[in-house]
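Student: sequence plus the predicted model coming up.
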Amino acid sequence: MKKTLRMLLCIVALCMMPGLAGAGTVRIGLMCPLTGSWASEGQDMRRIVSLLAAEVNKSGGIHGSVVELVVEDDGGDPRTAALAAQKLAAAGVIAVIGTYGSAVTEASQEILNEAGILQIATGSTSVRLTEKKMPYFFRTCPRDDEQGRVAARWITEAGYRNIAVLHDNSSYARGLAEETKALLDKAGRKLVFFDALTPKERDYSAILTRLRASSPDLVFFTGYYPEAALLLRQKREMGWNVPMMGGDAVNNPDLVKIAGTASAAGFRFISPPVPADLAGERGKAFLAAYRAEYKAEPQSVWAVLAGDAFNVLVEALRRTRPAAAPAAAYLKNELGSFPGITGAFSFDIKGDRAGDLYLLYEVNAEGAFKAGP
Amino acid sequence: MLKRSGTTSGTILQRVKFPALVALTALAAGLPLTLNPYWTAVFVSIGLGALLSLSLNVILGRAGIFNMGHAAFYAVGAYVTAILNTRFQVPVLWLLPVAGAASGLCALLVARPIIHLRGDYLLIVTVGIVEIVRIALINDVGGLTGGANGIFGIARPEIFGIRIRRDIQFYYLVWGAVALTVALFSRLDRSRVGRALSCIKEDDTAAEGCGIDVARYKLLAFGLGAFWAGMAGALFAAKMTIISPGSFTFWDSVLLFAAVTLGGGSQTGAVLGAFLVFGLPEIFRDFASARMLVFGLALMAMMVVRPQGLLPPALRRYDTRFITRGERAAGDGE
C-alpha cells in the first residue's frame, strides 16, 4: 500500500514538474489524435513531424537552438483537445502544429490564441475556422470550398461549354455540386443539367437517358464511387461516349473493379494526392527520408500536411526570431511561395493555404489512377 | 408517521463530518489559486464529469438500472442548449432547466417501453440509444445539429453581469453545481423515493411485494438522472462553445458507467469515480499513445482489489428504540 502510494506520488510529481526547458531550446507543440478513431492519422503526424524535427536539429536547429517537440494527444475529441491545448500552453511552446478534424481544432483555437501561441492546423477544412480572423491561426490544408473552385477552374480551362452536374443529395456531394455550379455560372458556362440521383440503386439508365437528352459535353458527378462506377458502366453499355469527371469521393480502387477497366478508362477526378504521388523535389526527398526511417509509406496526405506546417514554421522562425508574433507576421506578409512537400504554397491574409493541393487524376487504360499535371 | 431520527452514531458522524466539510470546501475554493491554467482546466473537466456521474448514480448506483447510454441524454441537453442559444440567443444559464427538461422527456419516452427489462437486456437497449443519437447528430437531423462538425459559437454564461469565460471562473461555477447536486441528491437518498430506490436495487420482486410501484420509481430515477445529465450538457456546451458528436460517443457512456461502478453507489463515490475516470488519463498523458492502456490497467486493478466499489453507500441506520418507544406509548394509551 505504502509503495503504491509512493509510486502514485512520484507519477503526480512527474506530471506537475514544470517543463525543464534548457537554454537554447525552441519548444514546438504537436497536437494530434494518438488515440481514438483517428489514431492512425495522429500516429503518422507524429512520425512525420519528429522525422523533420530531427532533420532540422541535424542541420543546426533554429538560430543555433535545438527544436524540442512536445506531443500531446487530443483523442479526436473536442473536450480532450481543449485540455491538450492548455497543457501545451503550460509547457511554454511558441507554436502548435495541428490538429486533424475541424471541431477538434476549433476547441483548441481560442485557448492557443489567447495564450499568444501560433497555430498551424493540418487537417481541418471547415471554412469557419479562418473566418474568425485570429491573428495567430494558419492552416496548410485547403478549405471545404476549395474543391469546387478547383473543379470549376479545371472545367473552364479545359474548354467545356455545356456541363451537366449530377449529385446524390448527400450534404457533401450537394455542397460540392452547388459550389461548382455557382462558379461555373459566374464564368459564363452553360449548365444544361443539375439534379440528383438516388444512391445505392442498381440501374441508372433512366437518369443517364435524361442526361443524354440534355446533350452535355462533360458530366461532373460529385457523389461517391459505387454510383460513379455504375454510371460509367451503364453509360458505356448504352454507347454514349461523353467524358465524365468526379470529386474526391470516387478516389477508391473499387471504382475500377465495379465499372470494369474498359468503362473506367479516361474517367477523371480531382482529389488531394496520395502521398506516394507527391511530386517535386521536396516531396520526393521527404518520401525517401520517410521510407528510410520507417520502412513504410505515409498513410494519408493530411498527415503529410503536418510536415508542411512544421517546415514552414521553422522557416518563419529562422527568418525572424523564435516568438509567435514576428513569425505570424512573416507567414502572412513575407513568406512568398514556400516549397512545401505537397507543392508550393503560401498563406493568404486570413491564414488559409494559398496554393493548390488537389491533383487531377485520370484512370488509364490499365485501370490505374494516374496523377495528371 | 415514522420519521427517521438521528441515531447516536449518526450524530457523532455528523459532528465529525461538519468540520471536514468546511475544510473540504475551503480547500476546493482555494485550490485553483495554486494551480496552473492546465490543471484548472483539468479540474473543470473533472467537475463536469462529476456532475454526470452523480446524475448516472441516481439511475445506476441508486436504482440499479443498467444504463450504458447516458451520453445520449448528455448530448440532448448540450444540443438543445447549443441550438436555442445560437439560433435565438437565449442566455445559456436560462437554458439549464430547458435542456434538463428536454433530456428528461427524451429519457421518459425511450425508457417507458423498456423499463421492465432487466439487467443486461436493458443495458443493450441503452447502448442502442446512444448510438442512434450519435448517428442522428452526425446525419444532421432536420438541418439543426450541424453534422460531424457540430455547432459552434455558443455564448458564454453570464451571472450577475459577469461573463464566465476563464477556466478559473468555470471552476467555481461547475464545482458549485457539483456541491449543490450532492446536497440535493443526499436529501433524495433520505426521502421516501430514495428508500424505494434502494429497495428496488436490492430486489425488485421484494419491492413489488412491499407495495412499491417499481416501474414508476424506475422511470422516475431514469427521468431525474437524465434531467441532471441534460443540465450538465448545457454547462458543457457553455464551457466548450463548440460541441460535436465526437464528445457523446458510446465510449463516453462506458466511462461514466465505470465512474459510477468504481465509486460504488454513494455520492462521494461518484465524485471520486469521476476523479479517477476523467483525471487519470490526464495524469497519464506522458505515456502518450499508451495512456489509455495504462488507464485501462489501472481500472482493472481497482476492480480486482475492490469489487464492491471504492465507497459503497453506508448502511441505513434506524433508531429501533424510537419504534419500540412509540409502540409502548401506543400500548399505554389503550
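Tutor: Structure's in. What do you need?

Student: for the rest of this, base every contact and every neighbour count on C-alpha atoms.
Tutor: Will do.

Student: the residue in the stretch 251-373 of chain A positioned nearest to chain B: neighbour count?
Tutor: Nearest to chain B, among the residues of the stretch 251-373 of chain A, is A:Ala303, at 16.5 Å (CA to the nearest CA). A:Ala303 is flanked by 27 other residues according to other CA atoms under 10 Å in any protein chain shown.

Student: ok, now A:Thr80?
Tutor: A:Thr80: 24 surrounding residues under other CA under 10 Å.

Student: any residues touching the host helix or strand of it, and which ones?
Tutor: Using DSSP states H and E, A:Thr80 sits within helix A:78-90. For helix A:78-90, the surrounding residues in contact (CA atoms under 8 Å, 6 or more residues apart in numbering or on different chains) are A:29, A:31, A:70, A:72-75, A:96, A:103-108, A:111-112, A:115, A:117, B:36-38, B:41-42, B:45, B:240, B:242-244, B:246-247.

Student: from chain B, how far off is A:Arg210?
Tutor: Note on A:Arg210: its distance to chain B, by CA to the nearest CA, to the nearest Å, is 30 Å.

Student: helix/strand/coil for A:Val219?
Tutor: What DSSP: H, G, I helix; E, B strand; the rest coil gives for A:Val219 is strand.

Student: that one pairs with what?
Tutor: Beta-bridge pairing for A:Val219 (DSSP bridges): A:Ala164, A:Met244.

Student: test my guess that it contacts A:Met245.
Tutor: Yes: in terms of CA atoms under 8 Å, A:Val219 counts as a neighbour of A:Met245; the distance is 6.3 Å.

Student: residues in contact with residue 221?
Tutor: Picked chain A for this. By CA under 8 Å, 6+ apart, the residues touching A:Phe221 are A:165-167, A:228, A:244-247.

Student: ah, no, chain B please
Tutor: Contacts for B:Ala221 were tallied using CA under 8 Å, 6+ apart; they are B:58-59, B:63, B:197.

Student: mind listing what's buried in the strand or helix carrying it?
Tutor: According to DSSP H and E, B:Ala221 maps onto helix B:214-240. Using 16 or more other CA atoms under 10 Å in any protein chain shown as the test for burial, helix B:214-240 gives B:214-215, B:217-240.

Student: cool, and stretch B:154-166?
Tutor: B:154-157, B:164-165.

Student: now swap in stretch B:98-112 and tell me
Tutor: Across stretch B:98-112, burial judged by 16+ other CA under 10 Å covers B:98-108, B:111.

Student: which of the residues you listed fall in helices?
Tutor: Secondary structure from DSSP state H places B:98-108, B:111 of the buried residues of stretch B:98-112 in helices.

Student: would you turn the residues you listed into JSON lines with distance to chain A and pLDDT?
Tutor: As requested, these are exported to JSON lines (distance: CA to the nearest CA, whole Å; pLDDT from 0 to 100):
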{"residue": "B:Val98", "distance to chain A": "23", "pLDDT": "96"}
{"residue": "B:Ala99", "distance to chain A": "20", "pLDDT": "96"}
{"residue": "B:Gly100", "distance to chain A": "21", "pLDDT": "96"}
{"residue": "B:Ala101", "distance to chain A": "24", "pLDDT": "97"}
{"residue": "B:Ala102", "distance to chain A": "23", "pLDDT": "96"}
{"residue": "B:Ser103", "distance to chain A": "21", "pLDDT": "96"}
{"residue": "B:Gly104", "distance to chain A": "24", "pLDDT": "96"}
{"residue": "B:Leu105", "distance to chain A": "26", "pLDDT": "96"}
{"residue": "B:Cys106", "distance to chain A": "24", "pLDDT": "94"}
{"residue": "B:Ala107", "distance to chain A": "24", "pLDDT": "93"}
{"residue": "B:Leu108", "distance to chain A": "28", "pLDDT": "94"}
{"residue": "B:Ala111", "distance to chain A": "28", "pLDDT": "89"}
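
Student: closest one of those residues to A:Ala264?
Tutor: Closest to A:Ala264 out of these is B:Cys106 (49.0 Å), distances taken as CA to CA.

Student: so how far is B:Gly269 from that closest one?
Tutor: Per CA to CA, to the nearest Å, B:Cys106 is found 27 Å from B:Gly269.

Student: angle of the helix holding A:Thr80 against helix B:214-240?
Tutor: Relative orientation of helix A:78-90 and helix B:214-240, computed by axes from the mean of the first three to the mean of the last three CA atoms, to 10 degrees: 40 degrees.

Student: what mean pLDDT does helix A:78-90 have?
Tutor: Averaging pLDDT along helix A:78-90 gives 92.

Student: quick one: name whatever helix or strand follows that helix.
Tutor: strand A:95-97.

Student: which other helices and strands contact that next one?
Tutor: strand A:25-32, strand A:118-121, helix A:301-319 (3 or more CA pairs under 8 Å, 6 or more residues apart in numbering or on different chains; DSSP states H and E).

Student: what's the most buried one of these?
Tutor: Each of the helices and strands packed on strand A:95-97 was scored by mean neighbour count; the highest is strand A:118-121, a mean of 29, by mean count of other CA atoms under 10 Å in any protein chain shown.

Student: so what touches that strand?
Tutor: Residues from elsewhere that reach strand A:118-121 (CA under 8 Å, 6+ apart): A:94-100, A:105, A:109, A:112-113, A:136-141, A:306, A:309, A:324-325, A:328.

Student: tell me which element the nearest residue to B:Leu276 once chain neighbours are set aside falls in.
Tutor: Distances taken as CA to CA, 6 or more residues apart in numbering or on different chains place B:Ala259 nearest to B:Leu276, at 7.3 Å, with adjacent residues excluded. Using DSSP H and E, B:Ala259 maps to helix B:250-263.

Student: so which residues on the stretch 1-150 of chain A come close to chain B?
Tutor: Applying CA under 8 Å from any CA of the partner chain, one finds that the stretch 1-150 of chain A approaches chain B through A:11-12, A:15, A:34-35, A:71-73, A:76-79, A:82-83, A:86-87, A:89-90, A:102-103, A:106-107, A:126.

Student: list buried residues within these.
Tutor: Buried by 16+ other CA under 10 Å: A:34-35, A:71-73, A:76-79, A:82-83, A:86-87, A:89-90, A:102-103, A:106-107, A:126, out of the residues of the stretch 1-150 of chain A next to chain B.

Student: quickly list the domain ranges of chain A.
Tutor: A:26-142+A:279-354, A:146-271 (automatic domain parsing).

Student: what's the burial count for residue 81?
Tutor: Picked chain A for this. Count around A:Ala81 with other CA under 10 Å applied: 26.

Student: hm, I was asking about chain B
Tutor: Neighbours of B:Thr81 using other CA under 10 Å come to 34.

Student: got a list of what it touches?
Tutor: Contacts for B:Thr81 (CA under 8 Å, 6+ apart) come out as B:92, B:95-96, B:98-99, B:234, B:237.

Student: of those, which is the nearest to A:Gly42?
Tutor: B:Ala237 (25.7 Å).

Student: can you pull the pLDDT of the closest one?
Tutor: At B:Ala237, pLDDT is 94.

Student: who's in contact with the residue nearest to it when sequence neighbours are not counted?
Tutor: Excluding its sequence neighbours, the residue lying closest to B:Ala237 (CA to CA, 6+ apart) is B:Ala78, at 5.4 Å. Going by CA under 8 Å, 6+ apart, B:Ala78 touches B:99, B:230-237, B:243.

Student: repeat that for B:Thr126.
Tutor: Contacts of B:Thr126 (CA under 8 Å, 6+ apart): B:67-70.

Student: what's the first helix or strand after the helix or strand harbouring it?
Tutor: Element membership of B:Thr126 [criterion: DSSP H and E] is helix B:119-138. Next in sequence after helix B:119-138, counting helices and strands by DSSP H and E, comes strand B:151-152.
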